[in-house]
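Chemist: coordinates for the following, if possible.
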Amino acid sequence: MVEMSELSWLPEKAKVIFGMQGVSRTLDARSLTTPGSAHCMRTEPADSSACALMKPRSPHRRGAMHIAALAAVVLTLTSCKPPERSSDPNARVGGSLTSMDYEPTDTYVDVVYVNGRGGDIAGTGGSTVLGAISLPQRWHPGLTVRAKWRRCRAFYVDRPETEEEACRWIEKYVPVHPYTYVGRTWLHIFADDEVLVIPSMKGPNHPDYPGAEFPYKNFNDRRGIGRDD
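Modeler: Numbers count the residues shown, from 1 in each chain. Okay, the predicted model is just below:
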């Protein structure tokens, strides 16, 4: 059994979890075997040839194994703690970007950039780019991002246009909605080039989301294509 004097180096959290009785009960020498032998006893039928190699441990060696096991548990406890936020208010955090187009015409947005990063389309909410945006970990008044996107008219055979004729670039600085954590960022593009940028772990389908719901654009349905008669 391990003496509590040998555990003076442990954090209080570990001492509370194990306690004086918990140490002797949890770390009984009979339960401390090599990883291979534990695997032999718990998950597979006993193999006499493999288990015959196990030998009794000396008291000193068992004590060392107790300490090693406790150290492993302490490391696990500390590694599971969530990362602390930096004290630097200017520290930045990367996150994903989902761009959505609410323009009620048959135009479309084929590429979106935020502060020069991104490059995906703005659809109805099903397309997300990971690591496409970087924001300060702490929101502050006056925080803006530079949004740039290209809107194009739909191509029709009876109205052929070149890409230069059908598409135009729009660029503007957009205020960022207040947030607590940086993880997912939602970019809404409305009619008249109005833009809303909302960092939120809740999505547009959540009742507490502070922006618009997912857009719905189905111009084939409006034109009678693919609709049941």
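
Chemist: domain parsing for this structure?
Modeler: 4-79, 92-207 (automatic domain parsing).

Chemist: comparing the ones you listed, which yields the minimum mean pLDDT?
Modeler: Across the domains of the chain, domain 4-79 has the smallest mean pLDDT, namely a mean of 45.

Chemist: thought Val182 was touching Val93, still the case?
Modeler: Yes - here Val93 reaches Val182: they are 4.0 Å apart, a contact under CB atoms under 8 Å. (C-beta placed from N, C-alpha, C; glycine too.)

Chemist: identify the contacts common to these two.
Modeler: Common neighbours of Val93 and Val182 (criterion: CB atoms under 8 Å, 6 or more residues apart in numbering): Leu135, Pro136, Gln137.

Chemist: now do the helices in this structure.
Modeler: 12-26, 35-42, 48-51, 59-79, 163-166, 219-222 (DSSP state H).

Chemist: for Thr128, give its distance to Met100.
Modeler: 11 Å (CB to CB, to the nearest Å).

Chemist: what do you get for Val129?
Modeler: 13 Å.

Chemist: between those two, who's got more neighbours?
Modeler: A side-by-side neighbour count of Val129 and Met100, using other CB atoms under 10 Å, places Met100 first with 26 against 18.

Chemist: which of the residues in stretch 209-219 are buried?
Modeler: Neighbour-count burial for stretch 209-219 flags Tyr209, Gly211, Phe214, Pro215, Lys217 (criterion: 16 or more other CB atoms under 10 Å).

Chemist: could the residues you listed go into CSV alongside pLDDT?
Modeler: Supplementary listing: those in CSV, determined by pLDDT from 0 to 100:
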residue, pLDDT
Tyr209, 96
Gly211, 93
Phe214, 92
Pro215, 90
Lys217, 73
